[in-house]
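Asks: Predicted structure and sequence below. I'll ask about it afterward.
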Amino acid sequence: MLLSIQDISVHHGQICALRGVSLHVRQGETVSLLGPNGAGKSTLLWTMAGAVRARSGTVEFGGRGIGDLPPESIARLGLATVPERRRVFSSLTVEENLRLGLWAQSGYRGGEHDLHQVLDYFPKLAERRRSLAARLSGGEQQMLVIARALLSRPRLIALDEPSFGLAPMVVDQVYDILQDWRARRNLTLLIVEQTATRALSFSDRVYVLRSGQIEHTGSPAEICDSERLEQAYFGFPSTAPQGRS
Ligand SMILES: Nc1ncnc2c1ncn2[C@@H]1O[C@H](COP(=O)(O)OP(=O)(O)O)[C@@H](O)[C@H]1O
Ligand SMILES: [Mg+2]
């Protein structure tokens, strides 16, 4: 098991954002985590990244407990998190932003090759490699943070709503790149989205999070077939009358 989250509870002040959540990702797997706004998806990623501490439960990565490690140590172990709002370094150029990704893996000799490969994947970024990141469109900034995360050569990359605010064509492109990179580099992916997206078609397993708890887990087919996703999303079976609660 590459990532093993066991029975964690996480609070923001008085608010209990996650209650007894367990989630596991094996080496090489692609796992989707779905859930409506406020379900606790970002809290789960922040906890994995070391930005937020669990009150109870354990988080292990590569067989070691990471629950007490600072974010930079967790990143160095190969767990990369792409947060939901695009955090680019706006006063740096596109290329400088990408080089920060490389820098996270100092000593690795294939960096320049990887940089070229990433620029091949994202021709928009290649065109604008000398522009300030601040001048990119929202979609381009999203590509930049994903590209930067890939360049840090993570073992696992966790993406928080990578499709948010992107045109459907761009979303497809981003997913194609992730799939391709995954196949070439034996990358493990945890993809967080609000609703079912095309990521489900190449996911091995799916978790549905709702109100801070894992509501369902299974194969993409199981999740879709049983309409559970819709129930999870709307809070009632899609065929039932919409009563007041
Ligand atoms: N910094 C914070 N302070 C207080 N409450 C927060 C904070 N961040 C998130 N929450 C609350 O925690 C719950 C889960 O939020 P979040 O993890 O952002 O869910 P999601 O990413 O699924 O939309 C929500 O009720 C949200 O309001
Ligand atoms: Mg979120």
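Replies: Nice, I can see it. Ligands and ions are numbered 1, 2, ... in the order given.

Asks: CA atoms for contacts and neighbours, from now on please.
Replies: OK.

Asks: now stretch 116-132: how far from the chain's centre is it?
Replies: In terms of C-alpha atoms, centre = their mean, to the nearest Å, the centre of stretch 116-132 is set 22 Å apart from its chain centre.

Asks: how about that stretch as CSV, C-alpha atoms only?
Replies: The C-alpha trace of stretch 116-132 is given here as CSV (Å, rounded to 0.1, in the frame of the first residue of the first chain):
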residue,chain,number,x,y,z
HIS,A,116,11.2,19.3,-22.4
GLN,A,117,8.7,16.4,-22.2
VAL,A,118,6.4,18.5,-20.1
LEU,A,119,6.6,21.4,-22.5
ASP,A,120,5.8,19.0,-25.4
TYR,A,121,2.7,17.9,-23.4
PHE,A,122,1.6,21.5,-22.8
PRO,A,123,2.3,23.5,-25.9
LYS,A,124,0.5,26.5,-24.5
LEU,A,125,3.1,26.6,-21.7
ALA,A,126,5.9,26.2,-24.1
GLU,A,127,4.7,29.1,-26.1
ARG,A,128,4.6,31.3,-23.0
ARG,A,129,7.6,29.9,-21.1
ARG,A,130,9.1,33.4,-20.8
SER,A,131,5.8,35.1,-19.7
LEU,A,132,5.1,35.9,-16.1
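
Asks: quick one: contacts of it?
Replies: Stretch 116-132 has contacts (C-alpha atoms under 8 Å, 6 or more residues apart in numbering) with S90, S91, L92, T93, V94, E95, E140, M143, L144, A147, L151, I177.

Asks: the helices in the protein, which residues?
Replies: When assigned using DSSP state H, the helices of the chain occupy the ranges 41-49, 71-76, 94-103, 111-121, 123-127, 138-151, 168-185, 220-225, 228-234.

Asks: Next, the angle helix 138-151 makes with the third one.
Replies: Taking axes from the mean of the first three to the mean of the last three C-alpha atoms, to 10 degrees, helix 94-103 and helix 138-151 form an angle of 30 degrees between their directions.

Asks: From the contact counts, what lies against helix 94-103?
Replies: Packing contacts for helix 94-103, counted by 3 or more C-alpha pairs under 8 Å, 6 or more residues apart in numbering; DSSP states H and E, involve helix 111-121, helix 138-151.

Asks: Kindly recompute the last result at 10 Å.
Replies: Contacts defined by 3 or more C-alpha pairs under 10 Å, 6 or more residues apart in numbering; DSSP states H and E place helix 94-103 against helix 111-121, helix 123-127, helix 138-151.
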